[in-house]
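Sequence plus predicted model, see below.
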Amino acid sequence: MATEGKQPESDLLRNRAGTARDRDPAAPLDELELVEAIARNVRVLRQQTGLSVGETAERVGISKAMLSKIENAQTACSLATLSRLAVGLDVPVTSLLRGTESERPASYVASGTGASIVRAGSKEGHLYELVGSLRGEHKRLESLLVTLTASSGTFPMFQHPGTEFLYMLDGVMDYAHGRSVYRMSPGDSLQLDGEGAHGPVELVELPIRFLSVIAFPDSAV
């Protein structure tokens, strides 16, 4: 239940700038994408001119508050305002719409349907279920659900490019990274540099399940 004076969480949309804004839950997704694209393009173009929000608003002929709302995707532009922005920023209107034509990728995997994959620890009895994989413009993000059982061995010599994030779901294990060893229980997390040797060194309470998310750098894509 939402507290008095605050919007319910379902009425908020988190945009690319990391801020939350009010939205109509019935609003079409393509309309929301358009508002965000205009916000991003206006902000970038203004910054390229070296003008402040106030200076740009004066040049465009709208209030500073209105320009701030546009840049933060808190309001939709009318055609007249869009035309004014294009003139004020000295760009064609199409420059303000750039990016709206592209799909934003997502990866959804229903419970229990992730593909079983082979990794360096597979021969040690480590079970890997791929629960997400997304290739972005500059890197690949891979999410694995790892299960360790009585038949699993310790294998503290994983090394790979990129950054890895571990989140414990079930069981207890001692996990090494370099010369450090961390006791990990449900709810614990560990983020590490994948170039350092890492892996479980003791399986304390079985079965063990943890989520492993790896962000590979450009060179590894």
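Good, I have the coordinates. Numbering: from 1, shown residues only.

Can you tell me the SS state at Tyr128?
Under DSSP: H, G, I helix; E, B strand; the rest coil, Tyr128 falls in the strand class.

Give me the neighbour count for it.
19 (other CB atoms under 10 Å). C-beta coordinates here come from the backbone N, C-alpha and C atoms, glycine included.

Ala215 looks like it's in a strand, true?
Yes: assessed by three-state DSSP, Ala215 belongs to a strand.

For it, give the beta-bridge partners.
Beta-bridge pairing for Ala215 (DSSP bridges): Leu141, Thr163.

ok, it touching Leu141?
Yes: assessed by CB atoms under 8 Å, Ala215 is found in contact with Leu141 at 5.3 Å.

quick one, phi psi at the residue sitting furthest away from the middle of the chain?
Most distant from the centre of the chain: Gly61, at 35.8 Å, with distances by CA atoms, centre = their mean. Main-chain torsions, Gly61, degrees, to the nearest 10: phi 100, psi 30.

ok, and the closest non-adjacent residue to it?
Of all residues not flanking Gly61 in the chain, Arg84 sits nearest, at 5.5 Å (CB to CB, 6 or more residues apart in numbering).

got it, and Gly132?
Ser143 (3.5 Å).

Then Leu190?
Nearest in space to Leu190, with sequence neighbours left out and distances taken as CB to CB, 6+ apart, is Leu166 at 4.5 Å.

Which of the three states applies to that neighbour?
Per three-state DSSP, Leu166 ends up strand.

count of neighbours near it?
Neighbourhood size, Leu166 [other CB under 10 Å]: 22.

residues in contact with it?
Counting by CB atoms under 8 Å, 6 or more residues apart in numbering, Leu166 touches 175, 184, 189-192, 210-213.

least trustworthy helix or strand in this structure by mean pLDDT?
Least confident helix or strand of the chain, by mean pLDDT, DSSP states H and E, is strand 12-14 with a mean of 43.

Adding secondary structure, distance to Val93 and neighbour count, write the contacts of Leu166 out as JSON lines.
As requested, these are exported to JSON lines (DSSP: H, G, I helix; E, B strand; the rest coil; distance: CB to CB, whole Å; neighbours: other CB atoms under 10 Å):
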{"residue": "Tyr175", "secondary structure": "strand", "distance to Val93": "54", "neighbour count": "23"}
{"residue": "Met184", "secondary structure": "strand", "distance to Val93": "53", "neighbour count": "21"}
{"residue": "Ser189", "secondary structure": "strand", "distance to Val93": "46", "neighbour count": "12"}
{"residue": "Leu190", "secondary structure": "strand", "distance to Val93": "48", "neighbour count": "17"}
{"residue": "Gln191", "secondary structure": "strand", "distance to Val93": "43", "neighbour count": "11"}
{"residue": "Leu192", "secondary structure": "strand", "distance to Val93": "47", "neighbour count": "18"}
{"residue": "Phe210", "secondary structure": "strand", "distance to Val93": "50", "neighbour count": "23"}
{"residue": "Leu211", "secondary structure": "strand", "distance to Val93": "44", "neighbour count": "16"}
{"residue": "Ser212", "secondary structure": "strand", "distance to Val93": "45", "neighbour count": "18"}
{"residue": "Val213", "secondary structure": "strand", "distance to Val93": "40", "neighbour count": "16"}
